[in-house]
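In: Quick one, structure for this:
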Amino acid sequence: MGQSRQSSRPRAATAISARRGPPGLTLGFGPRRGRGSLLVRAVFLESWRDYARHGWGKDVYKPISQTGKNMGKQPLGWIIVDSLDTLMLMKCDEELREARTWVKHELDYDFDYNVNTFETTIRMLGGLLSAHYLSEDDVYLEQAARLGNKLIGAFGSKKGIPYASVNLKSGEGIPSHVDRGASSTAEATSVQLEFKFLAQLTGEELYWRAAEQVMKSLDEADPPDGLVPIYIQPETAKFQGKLIRLGSRGDSYYEYLLKQYLQTREQVYLEMYLEAVAGIRKHLVSYSKPSNLMFIGELERGIGGPLSTKMDHLVCFAGGMFAMGATEGLDYETARRLSTWTDEKEQQMTLAKELTHTCYRMYHDVPATGLAPEIVVFKQDANSEKDFYIKPADKHNLQRPETVESLYYLYKITGDVKYREWGWEIFENFVKHTKVTSGGKDTKPRYTSLDDVTVTPPKMRDNMESFWLSETLKYLYLLFDDETDPKWDLENMVLNTEAHPFPRYAKAPFTTGWRRQAKLESVEPENKETPTQEMEVGDADADLDVSEAKLKASRDNEAVAEALKQKGELPVAKQPVAKPLNEQVDSVKQELGKQADV
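Out: Alright, predicted model coming up:
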């Protein structure tokens, strides 16, 4: 902790081979291509069916004791809604029919309970919106509109920064009961994809403006080099504390800068993302000893302070982020031959590859289980024999998705089969060490979290997080799946931070309502060929109207869904969802064709 960063970039780490699993399983590649995705689907169904037998409809599920419970007086759909698009992706038709019936007849968000604004938005609102996107089934859109009308009350602070929680009955935003009422910076800035998509589907501009006001207020706080402290006060939009990291409470801020640009083509978010990437490279990137593994550390005292070598597993999402930032979803060979390819984009690809390799090693280098802990601390002593160590409190594994998420992006973008091999090794170790076959109410297989990955057999933790179904197994399935579906194509969709797919827009349904202060003269926009929204359209200086009267009118409306449904109408997109990047892809193909002719 607190060691100085190395100023120069070391030589590349020595490559290591992936551990091979039992015969017949590792041949999902090559001659038996496709077998990997089928086996991932089988594990998903084992987990899902166990939940359906013993915890159906409950928000929290314990696989060892095979019991479930709700977070409040009524279910939120924490597991069912979060898994809808995974059921669709894996073509689990019977299970999907049962889940849809539950959503239509049992799910009701109108009860007195305080929910976390961020988690409910990315999991529940995001899950409903993606289910509608994939199926065009208005059952999901109606529920999303009802929920959105309740969650919008969280944005009622003076500066529009959402409160940490919101009451589902009253729609009132509630400050955090800890951290002096501050909101998590990542949580406040990682609801934008969901509310912008809801605005597009319903034509309700209030959702769009609320999402944009957050970003305006945060940008006006002027974070140095684009790096933000992990807490922000809702009423003042002032950062609290100095701690900067890409782990807990910081991570998805950076993720959503890029993804907002990919979703709507608003240039302002690309500028903010590029500034942040430069800041990450300048202040947070360092290398371990003895293997020169690149990691992203933490600045506990802010910029200018020493770099902590602690890295959360959560940081492993950034490998995929950097790859998408460089290519925007095009394959690497195509993207790098474009006239818009730059050294900065090549540097992002280098960051993507190095960090993803490090995150794989966080699994591979744990000899007992081959599974990563929640947090590691990297070593930089020249005499170190191992690259990282694990503190006793950090030995648990919650079946998190971030590493396999980046493996998916890197494989799809580079085509390098090693990312599949690494993913297969991780999948096999999940199956081997997190499977439960005894105790509880039956002996059918199911999967659970672990308390300690450093011992064999590992001590189990009686809890299955919803992201095991909605993210981890989904990314593994996509990693091994060779089917083509434009709705799951990286050039056409953007995945929210809970792995729920939304479409990209060729033209955003509403205009950007704010402009940045003049402070980015040195940042050159990367994609000059892509048309962007005119940011001067709209009142850039107007504060968002989130008065109680306005919010109550929106909530009481239920409008967006229920009233229209009673009239025999349904919410209609203000503008049709276009297939994004099609024009760019066509131009890429034309350019490559010209180069081939030469």
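In: drop to CA atoms for contacts and neighbour counts, all remaining ones
Out: Noted.
In: by contact count, what packs against whichever helix in the chain runs longest?
Out: If you go by DSSP state H, the chain has its longest helix at helix 343-364. If you count contacts as 3 or more C-alpha pairs under 8 Å, 6 or more residues apart in numbering; DSSP states H and E, helix 343-364 packs onto strand 294-296, helix 318-327, helix 402-414.
In: Now the longest one: buried residues?
Out: The neighbour-count check on helix 402-414 (16 or more other C-alpha atoms under 10 Å) flags 402-414 as buried.
In: Now distance to residue 428 and pLDDT too, for these, in CSV please.
Out: Listed next are the buried residues of helix 402-414 as CSV, based on distance: C-alpha to C-alpha, whole Å; pLDDT from 0 to 100:
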residue, distance to residue 428, pLDDT
402, 17, 99
403, 14, 99
404, 13, 99
405, 16, 99
406, 18, 99
407, 15, 99
408, 16, 98
409, 20, 98
410, 20, 99
411, 18, 98
412, 21, 97
413, 24, 98
414, 23, 98
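In: If we go by neighbour counts, what in the longest helix of the chain is buried?
Out: For helix 343-364, burial by neighbour count (16+ other C-alpha under 10 Å) applies to 345-364.
In: What distance do you get for the nearest residue to residue 78 once chain neighbours are set aside to residue 464?
Out: Leaving out its chain neighbours, the residue that sits closest to residue 78 by C-alpha to C-alpha, 6 or more residues apart in numbering is residue 59, at 4.7 Å. Distance of residue 59 to residue 464, computed by C-alpha to C-alpha, to the nearest Å: 10 Å.
In: Likewise for residue 454?
Out: Distance, residue 454 to residue 464, using C-alpha to C-alpha: 20 Å.
In: The two - which one has more neighbours?
Out: Set residue 454 next to residue 464 and count neighbours by other C-alpha atoms under 10 Å: residue 464 wins out with 23 against 20.
In: contacting residues for that one?
Out: Shown in contact with residue 464 (C-alpha atoms under 8 Å, 6 or more residues apart in numbering): 60-63, 398, 447-449.
In: Apply 10 Å and report the result again.
Out: By C-alpha atoms under 10 Å, 6 or more residues apart in numbering, the residues touching residue 464 are 47, 51, 60-64, 79, 398-399, 446-450.
In: again, but for residue 109
Out: Contact analysis of residue 109 by C-alpha under 10 Å, 6+ apart lists 74-77, 143, 146-147, 150, 168-169.
In: What is the three-state secondary structure of it?
Out: coil (DSSP: H, G, I helix; E, B strand; the rest coil).
In: I'd like the helices and strands packed on helix 343-364 as TSV, with distance to residue 496 appended.
Out: Output for these, formatted as TSV (distance: least, C-alpha to C-alpha, whole Å):
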stretch	distance to residue 496
strand 294-296	22
helix 318-327	12
helix 402-414	12
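In: and of those, who's closest to residue 127?
Out: Residue 127 lies closest, by C-alpha to C-alpha, to one member of the helices and strands packed on helix 343-364: helix 402-414, at 17.5 Å.
In: CA atoms only: put that closest one into PDB for me.
Out: Backbone C-alpha positions of helix 402-414 (Å, rounded to 0.1, in the frame of the first residue of the first chain) are rendered in PDB as follows:
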ATOM      1  CA  GLU A 402     -16.000  -8.400 -14.500                       C
ATOM      2  CA  THR A 403     -13.200 -10.600 -15.700                       C
ATOM      3  CA  VAL A 404     -15.300 -12.800 -18.000                       C
ATOM      4  CA  GLU A 405     -16.900  -9.600 -19.200                       C
ATOM      5  CA  SER A 406     -13.600  -8.300 -20.400                       C
ATOM      6  CA  LEU A 407     -12.700 -11.700 -21.900                       C
ATOM      7  CA  TYR A 408     -15.900 -11.500 -23.900                       C
ATOM      8  CA  TYR A 409     -15.100  -8.100 -25.300                       C
ATOM      9  CA  LEU A 410     -11.500  -8.900 -26.000                       C
ATOM     10  CA  TYR A 411     -12.400 -12.100 -27.800                       C
ATOM     11  CA  LYS A 412     -15.100 -10.500 -30.000                       C
ATOM     12  CA  ILE A 413     -12.900  -7.600 -30.900                       C
ATOM     13  CA  THR A 414      -9.500  -9.300 -31.400                       C
END
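In: any idea how far that helix is from the chain center?
Out: Chain-centre distance of helix 402-414: 13 Å, with C-alpha atoms, centre = their mean, to the nearest Å.
In: Tell me which other helices or strands it touches.
Out: Helix 402-414 sits against helix 318-327, helix 332-336, helix 343-364, helix 418-434, helix 473-480, with contacts defined as 3 or more C-alpha pairs under 10 Å, 6 or more residues apart in numbering; DSSP states H and E.
In: let's see 7 Å
Out: With contacts defined as 3 or more C-alpha pairs under 7 Å, 6 or more residues apart in numbering; DSSP states H and E, helix 402-414 has these neighbours: helix 318-327, helix 343-364, helix 418-434, helix 473-480.
In: ok, and what's touching the longest one?
Out: Counting by C-alpha atoms under 7 Å, 6 or more residues apart in numbering, helix 343-364 makes contact with 293-295, 316, 319-320, 322-323, 326, 370-372, 403, 406-407, 422, all of which sit outside it.
In: Okay, the spatially most central residue of the chain and residue 507: tell me how far apart.
Out: With distances taken as C-alpha atoms, centre = their mean, residue 497 lies nearest the centre of the chain, 1.7 Å away. Residue 497 sits 22 Å away from residue 507, going by C-alpha to C-alpha.
In: Tell me the pLDDT of the closest residue to residue 466 other than its chain neighbours.
Out: Computed as C-alpha to C-alpha, 6+ apart, the closest residue to residue 466 that is not its neighbour in sequence is residue 79, at 5.2 Å. pLDDT, residue 79: 99.
In: Residue numbering should commence at 4 henceforth.
Out: OK, 4 is where the count begins now, so the last one is residue 82.
In: What is the neighbour count of residue 82?
Out: Neighbours around residue 82, by other C-alpha under 10 Å: 28.
In: Roughly how far does it sit from residue 88?
Out: 12 Å.
In: Ok, residue 210 next?
Out: Taking C-alpha to C-alpha, one finds residue 210 at 23 Å from residue 88.
In: got it, and residue 125?
Out: According to C-alpha to C-alpha, residue 125 and residue 88 sit 13 Å apart.
In: Ok, which of the helices and strands packed on helix 405-417 comes nearest residue 166?
Out: Closest approach to residue 166 among those is made by helix 321-330 (25.9 Å; C-alpha to C-alpha).
In: How about residues contacting that closest one?
Out: By C-alpha under 7 Å, 6+ apart, helix 321-330 touches 258, 261, 338, 348-349, 351-352, 354-356, 358-359, 408-409, 412-413.
In: Return the closest of the residues you listed with respect to residue 42.
Out: Nearest to residue 42, judged by C-alpha to C-alpha, of these is residue 408 at 17.7 Å.
In: Test my guess that the closest one contacts residue 320.
Out: Yes - counting by C-alpha atoms under 7 Å, residue 320 is a contact partner of residue 408 at 6.4 Å.
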